[in-house]
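**Q** Compute the structure for the input listed below.
(one chain, ligands or ions: 1)
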Amino acid sequence: MKSSEIRVGVTYVNRGAGRTQRKVLAIGNEHRPRQWLSNSRPPDEPGVFFEQKGKQDNLYLSSFVSWAKSPVVCDHPWHQNPALITACPGCGAFG
Ligand SMILES: [Zn+2]
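**A** Below is the predicted model of the structure:
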């Protein structure tokens, strides 16, 4: 995915088995991870605040992009009309 495709309110599934889901709660510089476990400088980019199985955590945006395979699409009828300019009320996806 591209970083521009990560949006607040949308749930994403991971690459590989695709059994892990994370819902994006917020994106911004104030949501960067508090710890950077590396000797290199932390990336200069926003953080993603997300929820996974009821637990909240943070990742740098590029890390979340690497993790995510695609948005989780629900069965709301919104998905049958992708011309709508509003997000899906069921899962928050955009057309
Ligand atoms: Zn949906």
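**Q** Can you show me the helices along the chain?
**A** Assigned by DSSP state H, the helices in the chain fall at 61-67.
**Q** Those residues of it touching the ion, which are they?
**A** Proximity of the chain to the ion, by Cβ under 5 Å from the ion, involves residues 74, 76, 88, 90-91, 93. Yep, even glycine has a C-beta here, placed from its N, CA and C like the rest.
**Q** Can you lay out these as JSON lines showing pLDDT?
**A** Formatted as JSON lines, the residues of the chain next to the ion follow (pLDDT from 0 to 100):
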{"residue": "C74", "pLDDT": "82"}
{"residue": "H76", "pLDDT": "87"}
{"residue": "C88", "pLDDT": "83"}
{"residue": "G90", "pLDDT": "80"}
{"residue": "C91", "pLDDT": "77"}
{"residue": "A93", "pLDDT": "75"}
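**Q** which of these count as buried?
**A** For these, a burial check counting by 16 or more other Cβ atoms under 10 Å picks out 88, 91, 93.
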